[in-house]
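Asks: got a sequence here, can you build the structure:
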Amino acid sequence: MIRLSPRNEKPTIEDMVPNGKPISDKPKPNISSNVSINTSQGKKKQSQLSTTYILIGGIALIVIIVFVIAAIILVKNMAPVSALNTPIPTLTPISTLTPISAQITAPTISPITSTPSPNQNVEAGNIITGEPINYALVLGDLPTGFVLDENDSGSESNQLIASENANPSDFLSKLEGWGRESGYNADFTNFSQNPREIASDIVKMNTISGANDYFENNKNNAASVYLPISLPPLGDASYGGLQTKNGFQTYLIAFRKQNMLSFTTVIGNGDAILNDGIKYARITEARLSGENIPVQLAVGTPTPNPVIQRNETKQLGPIYNADNSEQFTLEITLENFQFSNGNDIVTAKDGRVFVEANLMIKNLGPDPARSISEFNFEDRDANGAIQQNTFTSFTDCNFPMTDLTAGGSVTGCISFDIPATGTVDLIYAPYQYEGLQEGRYLQFNLRP
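Replies: Numbering: from 1, shown residues only. Have a look, this model is predicted:
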């Protein structure tokens, strides 16, 4: 055995010659024995190398896993791309770039409509183009005895309207901004009748939007002078007001029809004059709608038609008035009715006729029945179409708005424009805005 000394001295002869035998006396190994020894040593070396490689691979795998875990943690702590303030631009290949001259487009210029200038028909084709004087009330629309007050009647320019305002120049700019083109006012008086004064004011605007803005401005101003009242449907928008002064009632009935405004005022005594004001407002509405309402309605003789006597009585009640916590029962009698094609001036349209019905309404109590009028009545044709009463100008068919105490009664006339053929029913519907529910309306058949 070879042994190194503590001082690292060279081995001695005795160390090199085991058992006292010289090295040369050591038998020589044969070839086969050497091959076997070499092969065994080679396998041992290969095994050592494989172990080394496995160890190195394991270490590398651990390093990769640690790196991946670190990368995942880093990505989770990073803000998403969408949260970045400045997005990363996408590069476009040079071959796909568009020349700058081809990218420039002309800007689109929109017209300014918030403050349209006069004579600018922004909504051409949807506006009424006639002058206001063509739609206002005239003497022929009123009972005999009224006269036109020429001092308070005539055309009303923007300058004239602005001069009546506390800040004329400022209000003139507003009128022009709204697009007010012109106006016409007609005042009628007959101090021996009720109502005693009737006024018709028609205003023409150049746009529907401007008309609506001006209409809302007038409505807001009226709220400081008039108490608001309910009106039947009129035009595209409407409002009403009541003012009591010096023992007289003044009713204002205002509506907008497209780009035109109508203001009808009646002055007199009692609530019944409101019904007159609504009737006159409907004349201007019919004219603005293009209906054939002539200027002189008083001219012409009604076409003779037979009067159909009925005298049919029905009851409805109790009817509950939630506004006043009152209830009452009504007895309604259809006395008679008449179909008509009109007269020489006002005629029914093709396939249509007028019908006028005379009724008597009695309140059986126990509480008052308030605001009984023609607006409580409707007609229903064979197609199920329901409409309120229609103004007919060739007769004095009218039903005044009335409050009935228990035991009180009133008579009146209502009229409708109906199909010339088919079933027609007259309906009294105090709950008409809830729909026709069984037990909550009365029905009279006028034509089977």
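Asks: ok, residue 263 to residue 329 distance?
Replies: 39 Å (Cβ to Cβ, to the nearest Å). C-beta here means a position set from N, CA and C on the backbone, and glycine is covered the same way.
Asks: who has more neighbours, these two?
Replies: Neighbours around residue 263 and residue 329, counted as other Cβ atoms under 10 Å, are more numerous at residue 263. The numbers are 20 against 17.
Asks: pull the CA atoms of stretch 410-417 into CSV?
Replies: Provided in CSV are the C-alpha atoms of stretch 410-417 (Å, rounded to 0.1, in the frame of the first residue of the first chain):
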residue,chain,number,x,y,z
VAL,A,410,-129.8,71.7,-16.8
THR,A,411,-130.5,71.2,-20.5
GLY,A,412,-128.1,71.6,-23.4
CYS,A,413,-127.0,70.4,-26.8
ILE,A,414,-123.9,68.5,-27.9
SER,A,415,-122.7,67.7,-31.4
PHE,A,416,-120.4,65.2,-33.1
ASP,A,417,-118.8,64.6,-36.5
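Asks: so which bits of that stretch are buried?
Replies: By neighbour count on 16 or more other Cβ atoms under 10 Å, the buried set for stretch 410-417 is 410, 412, 413, 414, 415, 416, 417.
Asks: which of those residues fall in helices?
Replies: Using DSSP state H, no member of those falls in helices.
Asks: for the stretch 201-350 of the chain, which spans come out with low pLDDT?
Replies: 291-305, 343-346 (pLDDT under 70).
Asks: run the last query once more with 90
Replies: 232-233, 245-247, 270-272, 275-276, 279, 286-287, 289-310, 316-327, 337-350 (pLDDT under 90).
Asks: for it, what spans make up the strands?
Replies: 227-229, 237-245, 248-257, 260-268, 307-321, 326-340 (DSSP state E, counting those that start in this stretch).
Asks: each with direction, which strands does the last one pair with?
Replies: In the sheet, strand 326-340 lines up against strand 307-321 (antiparallel), strand 352-366 (antiparallel) (DSSP bridges).
Asks: now those strands as CSV including mean neighbour count and distance to residue 206?
Replies: Putting the strands paired with strand 326-340 into CSV (neighbours: other Cβ atoms under 10 Å; distance: least, Cβ to Cβ, whole Å) gives the following:
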stretch, mean neighbour count, distance to residue 206
strand 307-321, 14, 45
strand 352-366, 20, 34
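Asks: closest to residue 443 out of the ones you listed?
Replies: Closest to residue 443 of the strands paired with strand 326-340, according to Cβ to Cβ: strand 307-321, at 8.2 Å.
Asks: then that closest one to PDB, C-alphas only?
Replies: What follows is strand 307-321, C-alpha atoms only, in PDB (Å, rounded to 0.1, in the frame of the first residue of the first chain):
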ATOM      1  CA  VAL A 307    -135.700  65.600 -35.500                       C
ATOM      2  CA  ILE A 308    -135.800  62.200 -33.900                       C
ATOM      3  CA  GLN A 309    -137.700  62.200 -30.600                       C
ATOM      4  CA  ARG A 310    -136.400  59.800 -27.900                       C
ATOM      5  CA  ASN A 311    -137.000  61.000 -24.300                       C
ATOM      6  CA  GLU A 312    -134.900  58.100 -23.000                       C
ATOM      7  CA  THR A 313    -133.800  58.400 -19.300                       C
ATOM      8  CA  LYS A 314    -131.000  56.600 -17.500                       C
ATOM      9  CA  GLN A 315    -129.200  56.900 -14.200                       C
ATOM     10  CA  LEU A 316    -125.600  56.700 -13.200                       C
ATOM     11  CA  GLY A 317    -124.300  56.800  -9.600                       C
ATOM     12  CA  PRO A 318    -123.300  57.300  -7.100                       C
ATOM     13  CA  ILE A 319    -120.400  59.100  -8.700                       C
ATOM     14  CA  TYR A 320    -117.500  60.000  -6.400                       C
ATOM     15  CA  ASN A 321    -115.800  63.400  -6.700                       C
END
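Asks: ok, and what's touching stretch 192-200?
Replies: Contact with stretch 192-200 is made by 136-137, 142-143, 145-146, 152, 185-190, 248, 262-270, 272-273, 276-277, 280, 284, as judged by Cβ atoms under 8 Å, 6 or more residues apart in numbering.
Asks: list the buried residues of it.
Replies: So for stretch 192-200, counting by 16+ other Cβ under 10 Å, buried means 193, 195, 196, 197, 198, 199, 200.
Asks: would you mind measuring the gap between the ends of stretch 200-214?
Replies: Criterion Cα to Cα, to the nearest Å; first-to-last residue distance in stretch 200-214 is 17 Å.
Asks: dihedrals phi and psi, the closest residue to residue 210 other than its chain neighbours?
Replies: Counting by Cβ to Cβ, 6 or more residues apart in numbering, the nearest residue to residue 210 once its immediate chain neighbours are dropped is residue 179, at 3.5 Å. Here is the backbone geometry of residue 179 (degrees, to the nearest 10): phi 90, psi 30.
Asks: and what of residue 174?
Replies: The phi/psi pair for residue 174 (degrees, to the nearest 10) reads phi -70, psi -40.
Asks: who's residue 404 bridged to?
Replies: residue 369.
Asks: what's the answer for residue 241, then?
Replies: The partner residues for residue 241, given DSSP bridges, come to residue 228, residue 252.
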